[in-house]
Structures are given as C-alpha cells and as structure tokens.
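Chemist: Have a look at this fold, sequence not included:
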C-alpha cells in the first residue's frame with residue numbers, strides 16, 4: 001500500500017468516524033414529550049399458544065397477573081433502549097421457551113385519533129391484536145414462522161363507534177436457544193399509546209435510536225471491506241504477502257459477521273434463526289481461523305506450519321460444536337485460539353518484524369475477538385456514549401483498522417527472501 005493510499009484510507013476512516021458520532025448523538029437524544037401513554041401496569045400472562053386468546057371474550061381470569069413497570073431510566077445493556085423490563089423467566093417461568101401471551105384492557109383518552117406503537121424490545125418476535133383483530137408486529141409467527149429483529153412499529157388504532165376501551169393482546173415467541181439469561185422471555189418493553197400526530201414523532205425518534213444502535217455495525221464492515229480489497233490487490237507488494245491474503249479473508253468474514261446485526265435490526269431480510277446458524281457454523285469459525293492464520297504469517301520458522309494446522313483443527317472443531325449446539329465445546333475451542341494467539345505473540349516478539357506495531361495491533365484484535373472471556377473476568381465490555389451502546393469489540397476493531405492499514409503500507413524489501421524459498425527451507 002502506497003503512502004497516498006494509506007492517507008486516503010485514514011481520511012475515509014475519519015469521515016466515517018464523524019458520521020458515526022453524528023448519528024449516535026442524534027439517536028441518543030431523549031424521546032420527545034407529548035400526549036403518549038406507556039401501557040405498563042397490570043397485565044395478564046399465559047404460556048402457550050392459542051389464537052382464541054386474542055378474542056376479548058376469552059376469560060383470562062385464571063391467567064397470571066403481572067405488573068410491567070416501564071421506566072425511561074431503565075435501559076437494555078445492548079443498544080440502550082429505554083423502558084427495559086424483565087421477561088417471563090424472571091416472573092415465575094425460568095425454563096419457558098416458545099410462545100407466551102399477554103393481555104390487558106386499555107382505557108382510551110377521549111376525542112383523539114390514536115396510534116399504537118409496538119414494544120421496541122421483545123424476545124424474540126411478536127404480534128399485536130386489538131379487540132381480536134391483528135394490527136401488526138415483528139416477524140411472522142405460526143407454522144411459517146420467521147423471526148426477524150424487533151424494529152420500531154406504529155399503526156393506527158382501529159376504533160369502532162364511540163368506544164372508549166379495548167382489549168390489547170400481544171402474542172410473543174422466544175427462540176429455544178442455549179445461553180439465555182434469567183431475565184429473558186417475551187415483552188422486554190411495553191407498547192405505547194399516543195395521539196396519531198405525536199405517535200409519528202415518537203416513532204421517528206425510536207427509529208433514530210435503532211439506527212444509532214447499529215450504525216457502528218455498518219461503518220466497521222464498510223471499512224473492513226475496503227481494507228480487505230486493498231490487502232488482496234496489494235498483497236504481492238507488501239512485506240508479508242501471506243499476511244495480506246489471510247488478512248483480507250479475516251476482514252471479509254468479520255465484516256459479514258458484524259453486518260448481519262444491522263441488517264437484522266433494520267430490515268426483515270434475515271431470519272434471525274438462519275443468521276444465527278450461519279454465523280455460528282460459518283462466519284465465526286472462519287473469522288477466528290483467518291485472524292490466527294494472518295498473524296501466523298507475520299512470523300518465520302518451521303513451527304508456523306504447526307500453528308496453522310492447529311488453527312485448522314480448532315476451526316473444524318468450532319464448527320462441529322456449533323452444529324451440536326454445545327456451548328461448552330465452543331468455549332473450549334476459543335481457549336485453544338487464545339493459546340495460539342499467545343504463541344504467535346511470543347514468536348513475533350522473538351523474531352518478528354515491526355514488533356511494536358505488530359504486537360500492539362495483534363493485542364487490539366485479540367480484545368475484539370475474545371471479549372466473552374474478558375467479560376467473565378469482570379472487565380466491562382460495553383459503554384454508552386450519547387446513551388447508545390458501543391461494545392469493546394467495536395472500539396477494538398475501530399482502533400485496529402488504521403493500524404492494520406499501516407502494517408500493509410510498508411513496501412516489500414528488495415532483499416526479502418521469496419516465499420517459495422522460505423517454504424523450501426521449512
């Protein structure tokens with residue numbers, strides 16, 4: 001990579017950073033104040049699934065009574081969405097997965113055209129019914145189930161005559177995935193009733209917050225794809241062609257892994273179940289393997305081939321563990337990759353070139369890759385600038401990308417030993 005190309009990449013990174021900060025600042029603003037009523041308070045809950053439960057004539061007297069206390073100051077630990085609630089697993093159903101229904105009677109304010117905003121947080125999909133009529137939701141439930149990310153939703157409230165009340169029923173579905181915490185299940189925020197005009201403003205603010213919550217997951221992949229293209233195109237001219245090629249694959253796999261989060265949050269293009277399986281079986285193992293192989297290429301010696309073979313075996317084991325849905329085996333394989341990173345770091349220190357830059361960049365990448373293990377040690381892994389969550393992984397990749405560009409910038413020395421000679425010597 002020439003210095004001119006490196007400078008252009010760094011300028012693009014600064015422009016992208018300015019854009020991300022702007023979106024975070026807009027999305028993190030408090031919701032506008034106006035005629036809106038969060039539908040917290042007393043609800044009825046029943047596990048299971050029966051579409052007759054949407055009918056206002058259904059007797060829910062024996063259903064569990066729960067209170068949904070929604071406070072703007074209580075936010076989730078991911079995006080930073082306000083009004084965070086404990087799910088059904090914290091309300092007497094610790095092992096429940098699948099369907100659960102919520103019902104409550106709603107008194108309507110007089111003399112208003114009204115809109116209903118759906119809950120912004122649900123595990124994992126939902127449908128809303130007003131007096132037995134389906135009025136919208138997120139994803140598709142039933143036999144042809146498709147679970148997508150929960151996005152802001154608003155609809156006009158269908159009112160018959162001069163009615164002043166109605167029955168709101170919410171059908172929810174939680175995926176039976178391993179690793180759910182004790183707070184999971186169903187509604188994690190309450191629907192909101194608003195006047196029609198103010199409902200549009202509130203819906204717009206919710207969308208800005210949702211966009212801000214995942215804007216980093218678009219900006220980082222864009223920069224990763226750009227750098228991957230540069231690394232692949234300029235591989236032969238770099239100090240370590242093998243490093244550049246593996247780096248391109250690592251960046252592309254990581255970009256696809258991250259980009260899926262934004263696509264799921266903003267659109268209905270991805271089924272969350274399919275995306276989860278593809279990430280677990282394909283992109284996550286491929287990214288881990290590629291990062292390990294890339295850093296392995298920054299060193300010389302016969303043991304380089306041994307490290308690559310171990311990384312390939314670990315990657316295959318990671319895929320098998322994902323297919324078997326074994327979180328324990330996945331954790332064990334991740335420990336193997338941590339050990340390989342430590343070995344590579346030692347080898348770079350002993351006989352690597354540009355050691356300070358290489359070890360610093362490797363360390364930052366390791367922070368992004370092994371954040372789960374750092375969390376178990378009690379190290380914070382998310383912060384909320386502008387009231388929007390930005391993870392340690394996102395910070396790490398944002399710092400690492402300009403450093404990686406700098407590593408690619410050094411031209412290949414004229415006296416460097418060709419790769420085929422090094423391979424023969426090994």
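Modeler: Here it is on my side, so go on. The model shown is predicted, which means the values in this text are computed figures rather than measured ones.
Chemist: Could you pull up the mean pLDDT of stretch 207-225?
Modeler: Averaged over stretch 207-225, pLDDT sits at 97.
Chemist: wait, isn't residue 334 in contact with residue 376?
Modeler: No: using Cβ atoms under 8 Å, residue 334 is not in contact with residue 376, being 10.9 Å away. Backbone N, C-alpha and C define where each C-beta goes, glycine included.
Chemist: When these two are compared, which one has more neighbours?
Modeler: residue 334 (19 against 9; other Cβ atoms under 10 Å).
Chemist: residues making contact with whichever helix or strand that one is part of?
Modeler: When elements are assigned from DSSP states H and E, residue 334 belongs to helix 327-351. Residues outside helix 327-351 that contact it (Cβ atoms under 8 Å, 6 or more residues apart in numbering): 178-179, 288, 292, 295-296, 298-301, 303-304, 307, 310-311, 314, 317-318, 320-322, 355, 358-359, 362-363, 366, 369-370, 372-373.
Chemist: change it to 6 Å
Modeler: 178-179, 288, 292, 295-296, 298-299, 307, 311, 314, 317-318, 321, 358-359, 362, 366, 370 (Cβ atoms under 6 Å, 6 or more residues apart in numbering).
Chemist: where in the stretch 51-200 of the chain is pLDDT low?
Modeler: For the stretch 51-200 of the chain, applying pLDDT under 70 flags the ranges 160-162, 178.
Chemist: Which parts of it are strands?
Modeler: Using DSSP state E, counting those that start in this stretch, the strands of the stretch 51-200 of the chain run over 64-68, 98-107, 114-117, 122-123, 125-130, 133-138, 154-156, 165-174, 186-187, 192-195.
Chemist: Determine which stretch of those is the most buried.
Modeler: Comparing the strands of the stretch 51-200 of the chain by mean neighbour count (mean count of other Cβ atoms under 10 Å), strand 186-187 comes out on top with a mean of 26.
Chemist: Neighbouring strands of it in the sheet, and parallel or not?
Modeler: strand 122-123 (antiparallel) (DSSP bridges).
Chemist: coming back round to it: out of the contacts of helix 327-351, which are buried?
Modeler: Buried residues within these, counting neighbours by 16 or more other Cβ atoms under 10 Å: 288, 292, 295-296, 298-299, 307, 311, 314, 317-318, 321, 358-359, 362, 366, 370.
Chemist: contact partners of stretch 393-408?
Modeler: 1, 6, 9-10, 13, 216, 220, 223, 231, 238, 361, 364-365, 367-368, 371.
Chemist: Phi, psi for residue 388 please.
Modeler: Backbone geometry at residue 388, expressed as degrees, to the nearest 10, gives phi -120, psi 130.
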